[in-house]
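A.B. asks: My questions concern the predicted model and sequence given below.
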Amino acid sequence: MFLKKISVLKSEIPAKEKYPFSIPAIRNLNSLDLTSNITFFVGENGSGKSTLLEAIADKCGFHAAGGSRHNQYDVHGAHSDLGDYLRLSWMPKVTNGFFLRAESFYHFATYLDKLEEDPYTRSNYRHYGGKSLLEQSHGESFLSLFLNRFSGQAIYLLDEPEAALSPQRQLTFLRILHDLNKTQQCQFLIATHSPILLGYPHAKIWSFDHGSIKEIDYEQTDHYQITKYFLNNRENMLKELLKD
């Protein structure tokens with residue numbers, strides 16, 4: 001592990017009623033201790049998990065729309081309103097890593113294509129499967145990133161990596177995650193809605209629901225409980241849900 005603790009500089013917050021501190025889980029956060037190489041952020045849409053992950057990426061020096069410290073490209077709204085109020089505690093500090101943001105991955109892929117067109121910045125796609133990410137399916141491009149770009153002592157911040165992955169490819173990603181954790185000494189912080197990814201053994205899961213950030217077990221997540229109930233009671237649940 002490299003990143004050990006995330007702290008909020010409460011004394012420097014100008015107005016707690018304004019975004020992002022209008023989000024209850026963010027407003028009530030003082031600090032978060034990281035005790036596992038694999039940490040998941042879960043919660044309903046708007047609960048603040050992506051907001052915090054984006055702010056961590058900002059403090060790491062990663063592009064807020066996705067990328068590493070070395071990627072520079074323009075995307076409207078690509079900034080963090082929370083990053084200035086965070087302190088990250090490292091031991092040791094690493095600068096290698098990557099921020100994957102599923103909703104803006106197209107912009108990152110387009111940026112790589114522009115680099116390839118310029119002989120002075122040509123990347124040869126060597127870190128991304130040998131060809132343009134835009135020439136691969138969405139899921140293939142994600143896996144190309146995970147398999148070719150991720151390695152070494154680094155921290156990887158992933159915002160909804162399952163967005164482009166089928167259930168089978170999510171299982172493939174779990175194997176990649178396992179290999180990188182065990183052999184490459186990588187640390188992962190992952191915001192997700194996937195009950196498959198959340199099942200990774202011995203990971204820490206932090207829930208952003210109910211106005212605070214609390215550690216919970218896999219079986220306590222809505223993702224597990226709702227999915228399990230639906231699979232076991234599909235007909236009755238749909239009958240109740242879709243009744244006139």
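C.D. replies: Yep, it's here.

A.B. asks: Tell me the buried residues in the worst-scoring helix or strand of the chain on mean pLDDT?
C.D. replies: Ranked by mean pLDDT, DSSP states H and E, the weakest helix or strand in the chain is helix 105-117, scoring a mean of 84. By neighbour count on 16 or more other Cβ atoms under 10 Å, the buried set for helix 105-117 is Phe105, Tyr106, His107, Phe108, Ala109, Tyr111, Leu112. The C-beta positions use only the backbone N, C-alpha and C, and glycine is treated the same way.

A.B. asks: Out of the residues you listed, which comes closest to Ala65?
C.D. replies: Nearest to Ala65, judged by Cβ to Cβ, of the buried residues of helix 105-117 is His107 at 5.6 Å.

A.B. asks: my guess is that closest one contacts Asn71, does it?
C.D. replies: No. The criterion here is Cβ atoms under 8 Å, and His107 misses it with Asn71 at 10.4 Å.

A.B. asks: Who are the packing partners of the helix ranked longest in the chain?
C.D. replies: Looking across the chain with DSSP state H, the single longest helix is helix 167-183. Helix 167-183 is packed against helix 138-144, strand 186-191, with contacts defined by 3 or more Cβ pairs under 8 Å, 6 or more residues apart in numbering; DSSP states H and E.

A.B. asks: For that helix, which outside residues touch it?
C.D. replies: Residues outside helix 167-183 that contact it (Cβ atoms under 8 Å, 6 or more residues apart in numbering): 37-38, 139, 142-143, 146-147, 150-151, 156, 161-162, 165, 186, 188, 194, 196-197, 199-200.

A.B. asks: average pLDDT across that helix?
C.D. replies: Computed over helix 167-183, the mean pLDDT rounds to 94.

A.B. asks: for this structure, which spans come out with low pLDDT?
C.D. replies: The model of the chain has pLDDT under 70 over residues 76-78, 123-124.

A.B. asks: how about whichever strand or helix holds Lys228: buried residues?
C.D. replies: Secondary structure from DSSP states H and E places Lys228 in helix 222-232. Residues of helix 222-232 classed as buried: His223, Tyr224 (neighbour count, 16+ other Cβ under 10 Å).

A.B. asks: with the buried residues of helix 105-117 in mind, which one is nearest to Leu86?
C.D. replies: Nearest to Leu86 among these, with distances taken as Cβ to Cβ, is Phe108, at 22.8 Å.
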